[in-house]
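Novice: based on what follows, work out the 3D shape:
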Amino acid sequence: MSSNKKIEEGLEHIRNAEKSLKTSLLKWRPDYENAADEYNKAATCFRNAKSYEQCKDCLLKAVECYKQNKALFYAAKALDQCILVSKELGNLKDIAQYAERAANMYQNQGNGESAASSLDKAAKILESQYPADALKLFQHATEIAMIQDSTRQAAEYISKVSRLHVKLQQYDLAADTIRRELGLHQQNESYQATGRLTVALVLVQLARGDVVAAEKAFKEWGNYCEAPELQTLETLLQAYDEEDPENAKRALNSPFIKHMDVEYSILARDMPLPEGTIRQSKEHTKEKNVEDSADADFSVPTDAANVETDEDENSGGLGLC
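Specialist: Residues are numbered from 1 along each chain as shown. Model (predicted):
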């Protein structure tokens, strides 16, 4: 009964909103402000009744009324609510466009912080199922934070960009964004974060198959690493340089790497190991095959010599007769 009552109440607010939008001989312009307020009240009623489709429909109508009234901040707030309602519906496909629209409206009102925050919240909802869409939203949030000269906030957003590049196996792009992230941490004097991120950059360069670039990253940023990080990286790079898969595996399984952000720990777990042992095994097998072949070749002439000796003896016997 309570839900039905809320739905009836919401429908009444919709009727009031529609009345506000009507014009007449004495009312030339729709009352967008009142209509937006009534649609918002209707959306609240439908949300309480868990009628999320009706709720979203009313919010979108409120957005249009706010836009007509040039109240972009409130239009953006209504779009933020649409994002949450879409999450409740399990309909994520429209979330990215709602977030982009909201961010643009916030920016037009000069509120960059709210714009970046709206993009960040939407991206967090999307990143598990739609990482590519989330990536674009985090990138946009990073750009806005940089415009606002909020380097700490930008570092937080670009960190999410880097991790999503790794998740999507876009290692070249991941290396670029991690370097940007390192620059921001250095600028903010966040040296502990810089050390941890150095390990991430080395892992990404190794995943690219570029040991030289990994060693270069270590030389450039390794002075920010703490003792466990240094020891892990030195062991890891030496193992790849010497093509020692056992030591490489041991370094990649170190507790420090396992407790990194999940994308980097998964990257370390799935990292292709150097092929030194495999190559040596193949060479050993090849050499053994050659030796076996040589032994086989040597045994054939021995039998042939015995045959020839017998023939010579028989031939000689016939000559004496």
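Novice: what sits up against stretch 259-268?
Specialist: Outside stretch 259-268, the residues within contact range by CB atoms under 8 Å, 6 or more residues apart in numbering are 163-164, 166-167, 196, 199-200, 203-204, 207, 252-253, 257-258. Using the backbone N, CA and C atoms, a C-beta is placed for each residue, glycine as well.
Novice: where does pLDDT dip in the chain?
Specialist: 1, 276-321 (pLDDT under 70).
Novice: the residue positioned nearest the centre of it: what secondary structure?
Specialist: Central residue of the chain (CA atoms, centre = their mean): residue 164, 1.1 Å from the mean position. When classified by DSSP: H, G, I helix; E, B strand; the rest coil, residue 164 comes out as helix.
Novice: tell me the contacts of it?
Specialist: Going by CB under 8 Å, 6+ apart, the list of residues near residue 164 reads 127, 131, 134, 135, 138, 263.
Novice: repeat that for 7 Å
Specialist: 127, 131, 134, 135, 138 (CB atoms under 7 Å, 6 or more residues apart in numbering).
Novice: now swap in residue 185 and tell me
Specialist: By CB under 7 Å, 6+ apart, residue 185 lies in contact with 155, 193, 194, 197.
Novice: want to throw these into JSON lines with neighbour count and distance to residue 116?
Specialist: Listed next are the contacts of residue 185 as JSON lines, based on neighbours: other CB atoms under 10 Å; distance: CB to CB, whole Å:
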{"residue": "155", "neighbour count": "23", "distance to residue 116": "13"}
{"residue": "193", "neighbour count": "18", "distance to residue 116": "20"}
{"residue": "194", "neighbour count": "20", "distance to residue 116": "23"}
{"residue": "197", "neighbour count": "27", "distance to residue 116": "21"}
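Novice: you'd agree residue 98 is up against residue 81?
Specialist: No. Counting by CB atoms under 7 Å, residue 98 does not reach residue 81; the two are 9.4 Å apart.
Novice: compare those two (neighbour count), which wins?
Specialist: Neighbour count, other CB atoms under 10 Å: between residue 98 and residue 81, residue 98 has more, with 25 against 22.
Novice: and the gap between the more buried one and residue 178?
Specialist: Using CB to CB, to the nearest Å, residue 98 is found at 30 Å from residue 178.
Novice: show me how the chain divides into domains.
Specialist: 1-70, 150-275 (automatic domain parsing).
Novice: and those domains as a markdown table, adding distance to residue 87?
Specialist: Rendered in a markdown table, the data for the domains of the chain read as follows (distance: least, CB to CB, whole Å):
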| stretch | distance to residue 87 |
| --- | --- |
| domain 1-70 | 10 |
| domain 150-275 | 18 |
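Novice: among the ones you listed, which is nearest residue 88?
Specialist: domain 1-70 (5.1 Å; CB to CB).
Novice: show only the entries of the contacts of residue 164 found in strands.
Specialist: With strands taken from DSSP state E, there is no overlap with the contacts of residue 164.
Novice: name the nearest of those residues relative to residue 113.
Specialist: Taking CB to CB as the measure, residue 113 lies nearest residue 138 of the contacts of residue 164, at 15.6 Å.
Novice: how about the contacts made by that closest one?
Specialist: 123, 157, 160, 161, 164 are the contacts of residue 138 under CB under 7 Å, 6+ apart.
Novice: quick one: which of these sit in helices?
Specialist: Counted as lying in helices by DSSP state H, out of those, are 123, 157, 160, 161, 164.
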